[in-house]
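Visitor: take this sequence and fold it.
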Amino acid sequence: MKIIIPGGSGHVGTVLAQAMHADGHEVVVLSRRPAVCPWRVAVWDGATAGEWVNELEGSDVLINLAGRSVNCRYTPANRREIMESRVVPTRLLGEVIARAHRPPQLWLQASTATIYAHRFDAPNDEASGVIGGHESDAPSEWSFSIEVARTWERTFDAALTPRTRKIALRSAMTMSPEVGGIFDTLLGLVRHGLGGKVGDGRQFMSWVHFEDFVRAINWLIEHDEIDGVVNIAAPNPLPNADFMKILREVSHTRVGLPTARWMLEVGAILMQTEPELILKSRRVVPGRLLERGFIFNYPHWREAARALYHLTERRTTSHAA
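Guide: Below is the predicted model of the structure:
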C-alpha cells in the first residue's frame, strides 16, 4: 500500500512510519522540514496546497497526525497554535481529497481520548462515553483541551469525501521505548526517585502499547466496514497510583516520592507544561475494537510496562556498546 502520514515526524508518527515501512509499504511523511529517513519525506506547510498534493492521488491510506504538541503552557499564543495546527491541516486535507481524481480509500484522522470527561465512576467508550467540558470537579482551564478536540473532530466530520472512508482515532497515550516519548519521560522520573502518585493518585491513566497501536491501525485498514469514531486505548486503564507503582516494580525501583498537587502546579510552571496532562482522569476503553474482535497483545499495564522496560534497557545497552 501507499500510506501518507501528515505530521509523521513526531513521536507517534515515527513509530507508525517505521512499522509500516518495515512491512514493505510505501510510506510518505508530510513534514514542514525536509529530512533523511528510510521512507520518503515530502515538504508541506499544512496550510496550502503544493506539490505534495500529488502524493495523495492514487494512495491507499491517509493517516493525519498533524498538530502541535500540547506539552506546553497554554498561553494565548500557544492556544492559538495548538488549535490552528490541528484544524487548518485537517480542513486542507478534506478540500484536497474532495478534488482528487483518485482519492485515498481511507482517511484515519488523529483525535484524542482527552475529549472525554474527567470522571472516576465509569469508563468512557464510543457509545456511552461522556464528552467533557461541564464537569463540576474539573478546573475551568481544562475546558480548552475539550474545545480543541471537539473543533478538530467537527472539522474532520465536515469534510465531504464520499469516496473515502473516514475514522477518527481517539487515542490514549502511546507508550514506546523511544527517547523522548511518554514512557521514556515517566521512566526517567521513576529512576530519579520521583515515581510516586501524583495528587491523590485516583485519576485514571489510559494508555496503549505502541505495538498494539500499530496493530490497531492495520486492523482498521483491513476492516472496511468500520468508520466513525474509534478509541485506541488498552482495555484496562488504571489509577495513577497503581500505574506508577507497577512502573516502579518492573524497573526495580524502591523509592517513589509522591507529588502533591501544589508541587505539580509549581513544577508545571518550571517545566513549561500544564498540570492537566497528568491530573485529568482519562478512563477510556476501546469499545468498538473489542466488540469487533480485536485482541490486544498488551491489555494490562504490568505486562506492557515490563516489555517496554526491557526494550528500553536493550536500547541503552546497545548504545553503550
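
Visitor: any idea which helix or strand in the protein has the lowest mean pLDDT?
Guide: Across the helices and strands of the chain, mean pLDDT, DSSP states H and E gives its lowest value to helix 261-270, namely a mean of 66.

Visitor: what's downstream of that one, the next helix or strand?
Guide: Counting by DSSP states H and E, the element after helix 261-270 in chain order, helix or strand, is helix 276-279.

Visitor: and that next one, what does it pack onto?
Guide: helix 261-270 (3 or more Cβ pairs under 8 Å, 6 or more residues apart in numbering; DSSP states H and E). Backbone N, C-alpha and C define where each C-beta goes, glycine included.

Visitor: what segments of the stretch 201-321 of the chain are strands?
Guide: Under the criterion DSSP state E, counting those that start in this stretch, the stretch 201-321 of the chain contains strands at 204-205, 207-209, 228-232, 238-239.

Visitor: of these, which is nearest residue 13?
Guide: strand 228-232 (14.2 Å; Cβ to Cβ).

Visitor: format the strands of the stretch 201-321 of the chain as a markdown table; extra columns: distance to residue 140 and mean pLDDT.
Guide: Listed next are these as a markdown table, based on distance: least, Cβ to Cβ, whole Å; pLDDT from 0 to 100:
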| stretch | distance to residue 140 | mean pLDDT |
| --- | --- | --- |
| strand 204-205 | 21 | 96 |
| strand 207-209 | 27 | 98 |
| strand 228-232 | 26 | 98 |
| strand 238-239 | 24 | 96 |
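
Visitor: packed most tightly, which of those strands would that be?
Guide: Mean neighbour count (mean count of other Cβ atoms under 10 Å) peaks for strand 207-209 among the strands of the stretch 201-321 of the chain, with a mean of 26.

Visitor: sheet partners, orientation included, of that strand?
Guide: Using DSSP bridges, the strands paired with strand 207-209 are strand 173-175 (parallel).

Visitor: show me what the strand it pairs with is in contact with.
Guide: Contacting residues not belonging to strand 173-175 are listed as 11-12, 15, 181-183, 205-210, 213, 304-305, 308 [Cβ atoms under 8 Å, 6 or more residues apart in numbering].
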